[in-house]
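Peer 1: Give the three-dimensional model of this entry:
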Amino acid sequence: MGLTIGQSLLKWLILFFNLLFWISGIVLIIAGAVCQTVYRPYLSFLDDEYFGAPVLLIVVGSVITIIAFFGCCGSAKESYCMLMTFAVLLGFIFVLEFAGGIAGYVQKGKITGYLENNMAKSIKQYNKTTGPAAVWDGLQMSSGCCGVRSYTDWKNSPTPPTVPESCCRVNSNETCSAAIRQNFPSLETDCSAVSANGTCPIYAEGCLSGLSNRLRDSIGIVAGVGVGIAFIQIIGIVLSCYLARRIRRGYSYAA
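Peer 2: Below is the predicted model of the structure:
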């Protein structure tokens, strides 16, 4: 049995939306991979739940690319069963995406507190294991910062109180290495007036603010993409159910 002109247009519209769904799946996979890349260097600073959201995006994106196949086949073959399967699976993915997006926004609001606590703990592990040392050195050199909120956080280091060499300013001279081996009172004398005379050989600003803003932005973008795609999928669910209903009615009338 053939479709009416309206049903044929609806069929092609669903095929078009399935192309968008397939593209959205690829976008989610890329977003999850990028988010994983952003998070991974700071594994020592974040709890496991922050690594769950990017993995969820990758899984959901992969499933969407497969689900789009059901929508295309169901529409092309005018199959009621395949269209309803597509709609149900898409509804399930919608719930996952929406929940993941909400969880992302919740995590976004808590990330500064998580970071501050875990960064403070990792300072105490700086010279005990290689993991925290590598993370701290990479962060401080690349971001031009020192410590959590300031260089004085390194007073909690398990070694004699001093800051790592990664806190040295890039444009400072070779006296920096000697300066950071001073005790903290001497170092604080130079760095307390950094804005006035520029004698502080290290980065005085902490790393928490910059890192927190960077991760918050990443979470916000990924959560926004997930929620946005979820709402677009509602259109696909409605169209698929409508076409499936029309196809079923047509078969009933033909019988």
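Peer 1: Return the list of helices and strands in contact with the helix or strand containing residue 246.
Peer 2: Per DSSP states H and E: residue 246 is located in helix 208-254. Contacts defined by 3 or more Cβ pairs under 8 Å, 6 or more residues apart in numbering; DSSP states H and E place helix 208-254 against helix 5-39, helix 49-76, helix 80-123, helix 130-143. From N, CA and C alone the C-beta is placed, and that goes for glycine too.
Peer 1: any chance of these in CSV, plus distance to residue 237, mean neighbour count and mean pLDDT?
Peer 2: As requested, the helices and strands packed on helix 208-254 are exported to CSV (distance: least, Cβ to Cβ, whole Å; neighbours: other Cβ atoms under 10 Å; pLDDT from 0 to 100):
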stretch, distance to residue 237, mean neighbour count, mean pLDDT
helix 5-39, 10, 17, 78
helix 49-76, 10, 19, 77
helix 80-123, 5, 18, 80
helix 130-143, 43, 17, 84
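Peer 1: out of these, nearest to residue 212?
Peer 2: Taking Cβ to Cβ, helix 80-123 is the member of the helices and strands packed on helix 208-254 nearest to residue 212, at 4.6 Å.
Peer 1: quick check: angle from the closest one to helix 208-254?
Peer 2: For helix 80-123 against helix 208-254, the angle by axes from the mean of the first three to the mean of the last three Cα atoms, to 10 degrees is 170 degrees.
Peer 1: that older thread, which of the helices and strands packed on helix 208-254 sits closest to residue 209?
Peer 2: helix 80-123 (8.5 Å).
Peer 1: so which of the helices and strands packed on helix 208-254 gets nearest residue 227?
Peer 2: helix 80-123 (3.6 Å).
Peer 1: Show me how far the closest one is from its chain's centre.
Peer 2: Between the centre of helix 80-123 and the centre of its chain there are 10 Å (Cα atoms, centre = their mean, to the nearest Å).
Peer 1: Make 17 the starting number, not 1.
Peer 2: New numbering, starting at 17: the last item is helix 96-139.
Peer 1: quick one, what contacts the closest residue to residue 113 other than its chain neighbours?
Peer 2: Leaving aside its chain neighbours, residue 113 sits nearest to residue 246 (3.9 Å; criterion: Cβ to Cβ, 6 or more residues apart in numbering). Neighbouring residues of residue 246 by Cβ atoms under 8 Å, 6 or more residues apart in numbering: 109-110, 113-114, 117.
Peer 1: Mind picking the two most distant members of these?
Peer 2: Going by Cβ to Cβ, the pair spanning those furthest: 109 and 117, at 12.3 Å.
Peer 1: distance of residue 223 from residue 88?
Peer 2: Per Cβ to Cβ, to the nearest Å, residue 223 is found 48 Å from residue 88.
Peer 1: Can you give me the domain assignment for this structure?
Peer 2: In terms of domains, the chain is parsed into 21-137+226-270, 140-224 (source: automatic domain parsing).
Peer 1: Look up the closest residue to residue 235, ignoring the ones flanking it.
Peer 2: That would be residue 124: by Cβ to Cβ, 6+ apart, it lies 4.5 Å from residue 235.
Peer 1: and if you look at residue 139?
Peer 2: In space, residue 139 is closest to residue 172, 5.3 Å off (Cβ to Cβ, 6+ apart).
Peer 1: isn't that neighbour right next to residue 141, touching?
Peer 2: No: here residue 172 does not reach residue 141: they are 10.6 Å apart, not a contact under Cβ atoms under 8 Å.
Peer 1: between the contacts of residue 246, which is closest to residue 61?
Peer 2: residue 117 (23.2 Å).
Peer 1: Could I get the contacting residues of that closest one?
Peer 2: Counting by Cβ under 8 Å, 6+ apart, residue 117 makes contact with 239-240, 242-243, 246.
Peer 1: Just list the residues touching the closest residue to it other than its chain neighbours, thanks.
Peer 2: In space, and not counting its chain neighbours, residue 117 is closest to residue 243: 3.6 Å by Cβ to Cβ, 6+ apart. Applying Cβ under 8 Å, 6+ apart, we find residue 243 in contact with 113-114, 117-118.
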